[in-house]
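# Predicted coordinates and the sequence they were generated for:
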Amino acid sequence: MFPKKISAIKFEVLSPQEVRRMSVTKLVTPETYDDDGFPVEGGLMDTRLGVIDPGLKCKTCGGKAGECSGHFGHIELAAPVIHVGYAKIIARLLTGTCRECGRILLKDERRDKFIREIERLKSLGQSYEEVLKEVFRLTKAVKKCPHCGAEQLEIKFEKPTSFFEVIDPEVKEEEKLTPKDVRERLEKIPNEDLLAFGLDPKAVRPEWLVLTVLPVPPVTVRPSIILETGQRSEDDLTHKLVDIIRINQRFIENREAGAPQQILEDLWELLQYHVTTYLDNEVSGIPPARHRSGRPLKTLAQRLKGKDGRFRGSLSGKRVNFSARTVISPDPCISISEVGVPEEIARELTVPIFVTPNNIEIAKQIILRGEHPKASYVVRADGKKIRIIDTNKEELAEKLEPGWIVERELTDGDIVLFNRQPSLHRMSIMAHYVRVLPYKTFRLNPAVCPPYNADFDGDEMNLHVPQSLEAQAEAKMLMAVQEHILSPRFGGPIIGGIHDHVTGLYLLTRGNKEFSKEEALEFLRSVDVSEIPAKDKYTGKEIFSLILPKISIKFKAEVCQGCEVCKEENCENDAYVVVENGQLLKGTIDEKAVGAFKGIIIDEIMRKFGAMATKKFIDDMTKLAIGVISRLGFTIGIDDEDIPREAAQQIEETIAEAEKRVEELIKAYREGNLEPMPGRSIEETLELRIMQELGRARDRAGKIAGRYLGMDNSAVIMAVSGARGSMLNLTQMAACIGQQSVRGERLTRGYAYTHRTTSHFKPHDLGAKARGFVRNSYKSGLSPIEFFFHAAGGREGLVDTAVRTSQSGYLQRRMINALQDLKVEYDGTVREQTSGVIVQFKYGEDGVDPRKSFRGKAVDVKRIIKEVLGEVKE
Amino acid sequence: MKVSLQDHVLVPKHEILKESEVEELLKLLGVSKEQLPKIKAMDPIVKEIGAKPGDIVKITRKSHTAEFSVFYRLVVE
């Protein structure tokens, strides 16, 4: 059976007749329940509106709670009130029509021109709001009705719901238009003129925009809850409706008793307020209606609006079953395509087994099982779900037949989707295979941290279990981790070695280190390598070659110093990597070779041998690296940043020299001898020169420190191999922190008009110290003033991140909403899904899938040339 | 002095598609004219090449990713 297809949705405004027609009763009493706790007839909980309490029956349809979806009632308003949501349209209509005859304040030809323009834009599916604004602008200026010749007065619209007519603009004499007056005017507007205001006469009569009857939603829409104390707590909507009815009745009573006009007007105002806040309790200009506790009420508009509203909260996003969430922690022993699932969670989540003649025996055994991967439910062919307990399992196993579904607990080898928010790109949700493990955290291989942008400082992740065979197959084929090793963002690997992986392989492959057989075996202990050549000594490069597929490639490593003329194979720094036919001949393996984001070797294996081989390589590579680093040991401590006295001396001199030069620059500036740089003022020139000078001083200090720290220093190893940190970080720890800045300038702000940053300096002091230069290192410690400057600079970084994340998050939301219906078709065009409108004739203008590109480019030209010339073997 | 907009470096090449080419294009893409991107008849470049509403303009742009990228737009009022 085909479901019915919706061809169009049209929104219209409810007419008073319509409201009465769909209403089952008129509501007149503000009381909800009587003393016995039964709903009052004619009250807001009237059982004709539907029921929510279990035992009761709906008086309209006879349905019990859950069966009857409820029926509308209505309130006859004693006096008309403006509907806040339509106030703006009403303002336009009042301004745009004659106060006497109700015709639009335009000649018929002009009106028709506008109507045609609106029709045209409508047929194109474009916004005609601009045309409506133009109509408003034109009619506002009209002083005399072109139809009946009546003088027109200016209409003043005071938000949210008041209208005034300006009788004499000179003395500001105004007359209030009551909703009744407004309604009478709107009644006079002929249907033909409505089109020019963007209203469809078939859908709406303008007088309906002023409320005379109010529909009352059924009780099921505003259910009351019973507190533990046994007290009833009504829904916010009910509270608001009670207010409306109460004032409405009071208004009627007063009018019948012949109360003075002033009192009636006040009550009318009050009624308007209650109806307004009933519809929208966040209207600007009036105080929101509050609960007794002081909390603003959540009325109709609030139910729909915003993040937790009906649209974003309940329709676009929903809560799901078969999911789990917990803290993540690392486990380098599992594969990148696995996820460690706590036993507790595995027991709770289930996978359906669809019973067939082929698997019925297995299914029976699962039902009969007593421990972990056991079945928790069976679903009979008629859809009835039965919980499996010790007492009924034999019976159920006996009755089991094809067509039933057995819900089995999650176990090793099941496929699940694993996700970390924010889900910014497709790699944020990947399919992993389950590994049931003890303890309470999800375990993941640290090599898959980059695509999820996860770390283990308390991050939590979500897990979802696909329930149909189709979903499982799709997850395995399309969403598996290894299918996402290359990122569509830049056409390179996003999964690869991080931190210790890089350090480990660096330690292994650097230079021509030799390892004994025992060491080699220990390195390879957890690696999937079954054969190693019989030898007494192995070089690190030989050991690494064992896990390398048969690729051939040459490239410069991360440790490359960027010499002017590259000596290639003869690099003294062992920074030119040569891999031939799966053998690492020269060079050091570091971030450039196996790192996430850079990983040239990973990239190469992916292109030549595909996803599975790359997955295996990453698994082996990470395990080898962990094996190496565990055996050799690798630590860093505070004394790793110790530098010898003579180095400190040299750094001191360098900085002192720089500070002296800064003083000279300032002197030159004060004497007017400073040559301005092109396009800069003298002040700017001075600032730039000083920044330059001090920046250079810090770099020089860093060089000196680096020289004394040496290449076997742990921190240096991490920095040069790209595992973690940079030489700049090291410089700041060991030598000199350098200039602090706010908005790219030296610190200049201080207490107003004093021309100094803090009171420790003389006004107008431009020297290095006075403007935030920190000459100490993190190790030597900052002086109190330096500490203050450092905090000022650090604050900027924090503010930037806070602002950036919120802004880019919102940008992303808008992008997703704008692009969600676009799809790349098989012919390479990008089309809108519903209309088939073409957006791009070739995706990205070149039709290249960035994931299949070579680092963003369509083809790796260099490589093809080399292959053709025979320089690299294919 | 008459200046041609097409001579400007930032204005890509615009040409009117011949009737036969239009048919071929629409058949190739499997779309109706209305499903193509649009360009207004009052657009200066459209005026210059003399395209009328209902015509299809072929635009050949330089592209960052591909050497050239071809685009088609339906001229509308």
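Great, that's in hand. Residues are numbered from 1 along each chain as shown, chains lettered A, B, ... in the order given.
# what does whichever strand or helix holds A:Leu93 contact?
A:Leu93 belongs to helix A:87-96 when assigned by DSSP states H and E. Outside of helix A:87-96, the residues that reach it under the criterion CB atoms under 8 Å, 6 or more residues apart in numbering or on different chains are A:82, A:104-105, A:132, A:135-136, A:139-140, A:154-155, A:157, A:159-161, A:163, A:177, A:182, A:185-186, A:189, A:196-197, A:199, A:206, A:209-210. (C-beta placed from N, C-alpha, C; glycine too.)
# do stretch A:842-850 as well
If you take CB under 8 Å, 6+ apart as the criterion, stretch A:842-850 is touched by A:488-491, A:824, A:828-830, A:856, A:858, B:61, B:63-66, B:69-70.
# end-to-end on it?
Taking CA to CA, to the nearest Å, the span from the opening residue of stretch A:842-850 to its closing residue is 13 Å.
# Narrow the contacts of stretch A:842-850 to those in strands?
Among those, DSSP state E puts A:824, A:830, B:61, B:69-70 in strands.
# Kindly reformat those residues as TSV containing pLDDT and distance to A:Tyr128.
Rendered in TSV, the data for those read as follows (pLDDT from 0 to 100; distance: CB to CB, whole Å):
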residue	pLDDT	distance to A:Tyr128
A:Val824	93	32
A:Val830	94	27
B:Arg61	90	31
B:Ser69	89	33
B:Val70	91	33
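# what's the next secondary structure element after the helix or strand harbouring A:Ala705?
Applying DSSP H and E as the criterion places A:Ala705 in helix A:682-709. Proceeding N to C from helix A:682-709, the next assigned helix or strand is helix A:714-721, under DSSP H and E.
# Now that next one: buried residues?
Taking 16 or more other CB atoms under 10 Å in any protein chain shown as the neighbour-count basis, helix A:714-721 is seen to contain the buried residues A:715-721.
# by how many degrees do it and helix A:682-709 diverge?
120 degrees (axes from the mean of the first three to the mean of the last three CA atoms, to 10 degrees).
# what does the following helix or strand past helix A:714-721 contact?
Sequence-wise, the next helix or strand beyond helix A:714-721 is helix A:727-734, with elements assigned using DSSP H and E. When contacts are defined by CB under 8 Å, 6+ apart, helix A:727-734 is touched by residues A:641-643, A:698-699, A:701-702, A:705-706, A:709, A:715-716, A:719-720, A:738, A:777-779.
# Of the contacts of stretch A:842-850, keep whichever come out buried.
Among the contacts of stretch A:842-850, those buried by neighbour count (16+ other CB under 10 Å) are A:491, A:824, A:829-830, A:858, B:65-66, B:69-70.
# sorry, back to before: can you name the two of the ones in strands among the contacts of stretch A:842-850 that are farthest apart?
Using CB to CB, the pair of these lying farthest apart is A:Val824 and B:Arg61, separated by 19.5 Å.
# Work out the gap between stretch A:197-209 and the centre of the chain.
In terms of CA atoms, centre = their mean, to the nearest Å, the gap separating the centre of stretch A:197-209 from the centre of its chain is 40 Å.
# Send over that stretch as PDB, restricted to the C-alpha atoms.
This file holds the C-alpha atoms of stretch A:197-209, laid out as PDB (Å, rounded to 0.1, in the frame of the first residue of the first chain):
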ATOM      1  CA  PHE A 197      -2.300  43.200   1.400                       C
ATOM      2  CA  GLY A 198      -1.100  39.700   0.700                       C
ATOM      3  CA  LEU A 199      -4.300  38.100   2.200                       C
ATOM      4  CA  ASP A 200      -6.300  35.500   0.400                       C
ATOM      5  CA  PRO A 201     -10.000  36.300   0.800                       C
ATOM      6  CA  LYS A 202     -10.800  32.600   0.600                       C
ATOM      7  CA  ALA A 203      -8.600  31.900   3.600                       C
ATOM      8  CA  VAL A 204      -9.200  34.900   5.800                       C
ATOM      9  CA  ARG A 205     -11.500  37.800   6.400                       C
ATOM     10  CA  PRO A 206      -9.700  40.600   8.100                       C
ATOM     11  CA  GLU A 207     -12.200  40.900  10.900                       C
ATOM     12  CA  TRP A 208     -11.300  37.400  12.000                       C
ATOM     13  CA  LEU A 209      -7.900  38.800  13.100                       C
END
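# rewinding a little: same question for the helix holding A:Leu93: list its buried residues.
In terms of neighbour count (16+ other CB under 10 Å), helix A:87-96 has its buried residues at A:87, A:89-96.
# what's the answer for stretch A:626-635, then?
Along stretch A:626-635, these residues count as buried under the neighbour rule (16+ other CB under 10 Å): A:626-631, A:634.
# in the stretch 251-400 of chain A, which spans are strands?
Here the stretch 251-400 of chain A has its strands, by DSSP state E, counting those that start in this stretch, at A:323-330, A:338-342, A:350-354, A:375-379, A:385-387.
# Can you list the helices and strands that the first one packs against?
Which is strand A:323-330. For strand A:323-330, the elements it packs on are helix A:343-348, strand A:442-444, strand A:460-464, judged by 3 or more CB pairs under 8 Å, 6 or more residues apart in numbering or on different chains; DSSP states H and E.
# ok, now with 7 Å
Strand A:323-330 is packed against strand A:442-444, strand A:460-464, with contacts defined by 3 or more CB pairs under 7 Å, 6 or more residues apart in numbering or on different chains; DSSP states H and E.
# Now do the contacts for A:Ala658.
A:693-694, A:697 (CB atoms under 7 Å, 6 or more residues apart in numbering or on different chains).
# for it, phi and psi?
Note on A:Ala658: backbone dihedrals following degrees, to the nearest 10 are phi -60, psi -40.
# Looking at the contacts of A:Ala658, which is nearest A:Leu241?
Distance ranking of the contacts of A:Ala658 against A:Leu241, using CB to CB, places A:Leu694 first at 70.0 Å.
# where in the chain is pLDDT low?
Looking at chain A here, since you left the chain open. Counting by pLDDT under 70, chain A contains low-confidence ranges at A:1, A:752, A:871-874.
# that's the other chain; I wanted chain B
Flagging of chain B using pLDDT under 70 yields the residue ranges B:1.
# change it to 80
Low-confidence segments of chain B, defined by pLDDT under 80, are located at B:1-2, B:65.
# So in it, which helix runs the longest?
In chain B, taking DSSP state H as the definition, the longest helix is helix B:19-29.
# mind checking how far the next helix-or-strand element following that one is from the chain centre?
Note on helix B:19-29: by DSSP H and E, the next helix or strand toward the C-terminus is strand B:38-40. In terms of CA atoms, centre = their mean, the gap separating the centre of strand B:38-40 from the centre of its chain is 9 Å.
# could you say what helices and strands strand B:38-40 packs with?
Under the contact criterion of 3+ CB pairs under 7 Å, 6+ apart, strand B:38-40 touches strand B:68-76.
# Output the ones in strands among the contacts of stretch A:842-850 in a markdown table, with distance to A:Gly37 appended to each entry.
Rendered in a markdown table, the data for the ones in strands among the contacts of stretch A:842-850 read as follows (distance: CB to CB, whole Å):
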| residue | distance to A:Gly37 |
| --- | --- |
| A:Val824 | 62 |
| A:Val830 | 62 |
| B:Arg61 | 75 |
| B:Ser69 | 73 |
| B:Val70 | 75 |
